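Participant: Task: produce atomic coordinates for the following.
(4 chains)
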4 protein chains.
Amino acid sequence: MLILMKADASKGDVEAVEKKIRELGFTPNDIPGATRLAIGITGNQGPVDAGIFTVMAGVADAVPVSKPWKLVSREVKPNDTFVKIGGAQIGGGRFGIIAGPCAVESREQVDEAAVAVKAAGAHFLRGGAFKPRTSPYAFQGMKEEGLKILAEARAKTGLPIVTEVMDTRDVELVGRYADVLQVGARNMQNFSLLEAVGGQPKAVMLKRGLSATINEFLMAAEYILKQGNYNVILCERGIRTFETMTRNTLDLGSIPLIKRLTHLPIIVDPSHGTGDRASVPALARAAVAMGADGLMIEVHPHPDKALSDGPQSLTPEAFAKLMESVRAIAAVVGLGI
Amino acid sequence: MLILMKADASKGDVEAVEKKIRELGFTPNDIPGATRLAIGITGNQGPVDAGIFTVMAGVADAVPVSKPWKLVSREVKPNDTFVKIGGAQIGGGRFGIIAGPCAVESREQVDEAAVAVKAAGAHFLRGGAFKPRTSPYAFQGMKEEGLKILAEARAKTGLPIVTEVMDTRDVELVGRYADVLQVGARNMQNFSLLEAVGGQPKAVMLKRGLSATINEFLMAAEYILKQGNYNVILCERGIRTFETMTRNTLDLGSIPLIKRLTHLPIIVDPSHGTGDRASVPALARAAVAMGADGLMIEVHPHPDKALSDGPQSLTPEAFAKLMESVRAIAAVVGLGI
Amino acid sequence: MLILMKADASKGDVEAVEKKIRELGFTPNDIPGATRLAIGITGNQGPVDAGIFTVMAGVADAVPVSKPWKLVSREVKPNDTFVKIGGAQIGGGRFGIIAGPCAVESREQVDEAAVAVKAAGAHFLRGGAFKPRTSPYAFQGMKEEGLKILAEARAKTGLPIVTEVMDTRDVELVGRYADVLQVGARNMQNFSLLEAVGGQPKAVMLKRGLSATINEFLMAAEYILKQGNYNVILCERGIRTFETMTRNTLDLGSIPLIKRLTHLPIIVDPSHGTGDRASVPALARAAVAMGADGLMIEVHPHPDKALSDGPQSLTPEAFAKLMESVRAIAAVVGLGI
Amino acid sequence: MLILMKADASKGDVEAVEKKIRELGFTPNDIPGATRLAIGITGNQGPVDAGIFTVMAGVADAVPVSKPWKLVSREVKPNDTFVKIGGAQIGGGRFGIIAGPCAVESREQVDEAAVAVKAAGAHFLRGGAFKPRTSPYAFQGMKEEGLKILAEARAKTGLPIVTEVMDTRDVELVGRYADVLQVGARNMQNFSLLEAVGGQPKAVMLKRGLSATINEFLMAAEYILKQGNYNVILCERGIRTFETMTRNTLDLGSIPLIKRLTHLPIIVDPSHGTGDRASVPALARAAVAMGADGLMIEVHPHPDKALSDGPQSLTPEAFAKLMESVRAIAAVVGLGI
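Facilitator: Prediction:
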């Protein structure tokens, strides 16, 4: 934290700021300038609240100069974290593919999807049993019945299950069936839910919120790690911008930065990122070419009959074709798959 | 819903679309154009999923032509809803003021704030006992102890209490102490929480999410009303944009539109809206001048010692001064206060 | 500028940074911390390019700690600038009203509008002769013929003229007819145009760009002042956000901040800000209540026949009615009008 | 255009709307619904202004149902447009690389960069002689002297020149030296400049504006084509969002959509897109993997001495290394390079 004093700050103003810094247990360091004084704060272990100083007389601004996250930071843990369930792995040099329908709709639908995505080379099966929907009148998911269907598909194909949990009261239930608990974009700052999934043993996939900064995204992951659960996968799924011709704006430019900042793996969801199946393959190829740690792709055996997100779901045939180019690009950039 | 066929759509494509519309129980209406056909859908009661049609052969686009909300709509209930607790009222021609500290920090702090804001003319007392914080290392609130302190301040001043609930598991607990349960911006699409507050008897204040559209904001309120709770106050508290010199971008331009669309009252939170106490009075005056239904303002007896949001909190003196101009403008625009 | 060294920066890295600072003619100031060093730069008169340092070995970050603008800054000129043309004034405690049609369409239309807005109490007449349009197929304005019509309306009513210039080649021409040259939102960073209007004697109204930060807005004004023209009015007209139910998001929260940062007057354009005449009066009242320096409002004698922006134009009757409440609120907040 | 009547619209309201449609030379088509009437407009060649109808009594909304662009549309010209200058080509199955420094700073700098990027496989040389800068105090470019330096580098290396023009008065001058005239992001809706570059013979590279929608981007290109110049290259260079840890948000998700909508080639500028050289190679690989038509990359022989954009410039060595993986991925996705 650097405190910038106003040009007309009095000696008393400066002394008050320095006294406050010492009261907090830190050390003030004067940096005299041509027209005004800056005071550097040292000795703090975590972030200092800028507001403590900006309200004081004679203070022009308080500028944070260090990053707020700890456990997720690559400075703390330089080597890659990876999540490994059976033979399926995301991160640590392995490009992991999660595929399946947006929502669990029936046993037949999930079975057909699971068999197809496994045959094409996917490593995990996705499917929503609890569905967050903008409208209370839209299909809300099959709930526990859906979880059972997913578990049966796992028994049949061996694919670990990724599925969403929306309510702290359901964490135990979903954890009984799932291999990876998904926290959705709308719940990225549902801090109670973050703590709940942080306090249970299953891996967690955390999706970036629609308007979450990279900083907030990493801080949300920090909530989970702080409870002791380090098996966390980040997922970029598009942010909200002024552009409306795509469903969201997939922020691929954040991926290389996030990989430098944190040791956690980060995957890309091009299905929600664009909302249009015609654009999904191009963005999936981009994700592997740039060195993301994996993909989550919606695949539905009959997209035109899907109860949710049909327009952005690939057919099994399109998914299988996409997997071929993903594998070819992975080979070029040196990623295992 | 209007289905736009491509210029080169075949007769079979058109028939397939019309068959699908009939299967859904609706009626297709042909609108022949110079170069291509549009098909209007009639007979539906609620929104039709565009995705059902956009994936069909020969379809260029599917355009929704009606609004998706129902219970919150002013078309359904033309006259203003208002929330009245004892003598305090928001909406229905009465401009209601909620004031108090961001977080409950101590009995003394809340008491001092409560007495001061009541003296200045506030109608409700606010204070957070459960605090959503970006960092897991920041102060998280006094929880039930904080709720008790708020209840004591109500006993002393008569001001009804507005306080946040963040977790479905805490709804019953918070409801035991609070008069109005606040759902915060980060939880605006925590649909489990919306249903939980919709299913209990206390009034609810719903804050607009940082990147929530007006449509999503109203749909979130619809979740609450659908559970039977019509005592809902909306709160505009700033959205997230590219501008970083203000904490948020207070979307005052949405207020007149929201008032035309819904019968629910809508208030303005200029404290979070700008994040800077120097800007709060100007925006508070703007809110009353434009005909919002109330204000929520952070007031702290000692902002420089606040554990949360000190820089945006008014002193009791500044709040009292602001109330004078708010009353004067309310008189000009014909609002009771 | 504060240079933050990495925890593992070598002695040589630090020396190289300090050598570079001295080469630029500035002074390095060491601020030793618990785990790493920060180096403050003093002696610079203007902004230092962070990029010079962030590319150097051992440097973690370079943080600017002073504001980049000069001539527009209230620190440089503490008292309000105002623009006064004849009896019409904007700024310096006077609330100025600019009104008239979006585009000049005919002599009759402009005359009718000018007479009506003057009667209602407007101080300036607006009207576009050069129209920036998203589509090349939309009406592009009457050009010089339109400027002549505006000049005739001025002769008749005495109202000074505000009109847009879009091309450096037209600055001289527009300046011959107009009293205030408007630089539109899309040209806010057309730096050639800013320099051109800065180098001529007529006053300038600079509209904020759709995605311009407050900093960029003030820097654009700085371009004009740097050429010697201090008669500049800023205009907030809405920024682009994710919300689509309003045409733009009027950033009223920026107004108090801008008034603290700069001595230039700032007015509000609620017509473009919302794009909907039903919302214009509420936002106009908000602008005067919060202490902006004026309004620019689109008024058309026959909005349903307007060639541009009809839906956001007030009728003369609605404008006259609005002016009554604007005057009443101006009296409350102590603004002359 | 579809006109939606209110549920309580009178017979007279409907007749007035239909009369207005006929007055405009179009045909109204009634679409009776369960509770209200919609009226489809047919017979129009271009977009109809929604505002004409939304202001009429009884009208609830006016929904545009066709796309507004013409000449740039892939419906009009299904096969790819490509820009070919000598042996260098962008579009039509060839992946073209533009590289060089942000700004022309000296003969030596440009020569060194030109030789290096050619050796690594670039097809075009970039360099700014006219520089748009946020601050009037920043380096503004070498102007004509810079253009001469670029022309000399072309003479030496054979690389065609891409350089920016900012002012209509400079179009002729820049066109004398450049092979491709760049219209920068800040000038994307400088319609006078678009018309000027559309009326001269050299190719044009149009960068997407910071807050331009895809629709506005294509409409800006339409302005150029309308003047007769079809040699237009689009360039995605990042949009402005709430995220500040990257310079811009590179909207790669728009690329597949833009390629479906228009026949014009579209390239990607990852240097401005992220503002950080550490992220440039990953995004460049993404661009080729997804099937963009080329790249524009900033390369500077000595980035730490660059007068502009040093932090986002690659060294010649890093660029050469990047080109290897770009070529390998191009081979996988079947692009010539």
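
Participant: for the host helix or strand of A:I31, packing partners?
Facilitator: Using DSSP states H and E, A:I31 sits within strand A:27-32. Secondary-structure packing of strand A:27-32 (3 or more C-beta pairs under 8 Å, 6 or more residues apart in numbering or on different chains; DSSP states H and E): helix A:11-23, strand A:37-42, strand C:27-32, strand C:37-42. C-beta coordinates here come from the backbone N, C-alpha and C atoms, glycine included.

Participant: which residues are in contact with that strand?
Facilitator: Identification of contacts with strand A:27-32 by C-beta atoms under 8 Å, 6 or more residues apart in numbering or on different chains yields A:2-3, A:17-18, A:21-22, A:37-43, C:29, C:31-32, C:40, C:42.

Participant: Now do that strand, average pLDDT.
Facilitator: Strand A:27-32 shows a mean pLDDT of 77.

Participant: So A:V180 versus A:L257, what's the distance?
Facilitator: For A:V180, the distance to A:L257 equals 24 Å [C-beta to C-beta, to the nearest Å].

Participant: Actually, A:G228.
Facilitator: In this view, A:G228 and A:L257 are 27 Å apart by C-beta to C-beta.

Participant: just the buried members of the contacts of strand A:27-32?
Facilitator: When the contacts of strand A:27-32 are checked for burial by 16 or more other C-beta atoms under 10 Å in any protein chain shown, the buried set is A:2-3, A:17-18, A:21, A:37-42, C:29, C:31, C:40, C:42.

Participant: Just flag the most distant two among those residues.
Facilitator: Across the buried ones among the contacts of strand A:27-32, the longest distance by C-beta to C-beta is 20.2 Å; it joins A:I21 and C:T42.

Participant: residue boundaries of the strands in the stretch 1-150 of chain A?
Facilitator: Counting by DSSP state E, counting those that start in this stretch, one finds strands in the stretch 1-150 of chain A at the ranges A:2-5, A:27-32, A:37-42, A:59-63, A:83-85, A:88-90, A:96-100, A:124-126.

Participant: check whether stretch A:179-194 contacts chain B.
Facilitator: Yes. Residues of stretch A:179-194 contacting chain B under C-beta under 8 Å from any C-beta of the partner chain: A:R186, A:N187, A:Q189, A:N190, A:F191, A:S192.

Participant: what mean pLDDT would you report for that stretch?
Facilitator: Rounded mean pLDDT across stretch A:179-194 is 98.

Participant: end to end, how far does it reach?
Facilitator: Terminal residues of stretch A:179-194 lie 17 Å apart, using C-alpha to C-alpha, to the nearest Å.

Participant: Please see if that stretch touches chain C.
Facilitator: No. Using C-beta under 8 Å from any C-beta, we find that stretch A:179-194 stays clear of chain C, coming within 13.9 Å at best.

Participant: Can stretch A:319-333 be said to contact chain B?
Facilitator: No. Stretch A:319-333 stays clear of chain B (C-beta under 8 Å from any C-beta), getting no nearer than 15.2 Å.

Participant: If we go by neighbour counts, what in that stretch is buried?
Facilitator: For stretch A:319-333, burial by neighbour count (16+ other C-beta under 10 Å) applies to A:F319, A:A320, A:L322, A:M323, A:S325, A:V326, A:R327, A:A328, A:I329, A:A330, A:V332, A:V333.

Participant: for stretch A:220-233, same thing?
Facilitator: Buried-residue list, stretch A:220-233, by 16+ other C-beta under 10 Å: A:A220, A:A221, A:E222, A:Y223, A:I224, A:L225, A:K226, A:N229, A:Y230, A:N231, A:V232, A:I233.

Participant: now, which of the residues you listed sits nearest C:A113?
Facilitator: Using C-beta to C-beta, those come closest to C:A113 at A:A220, 53.5 Å.
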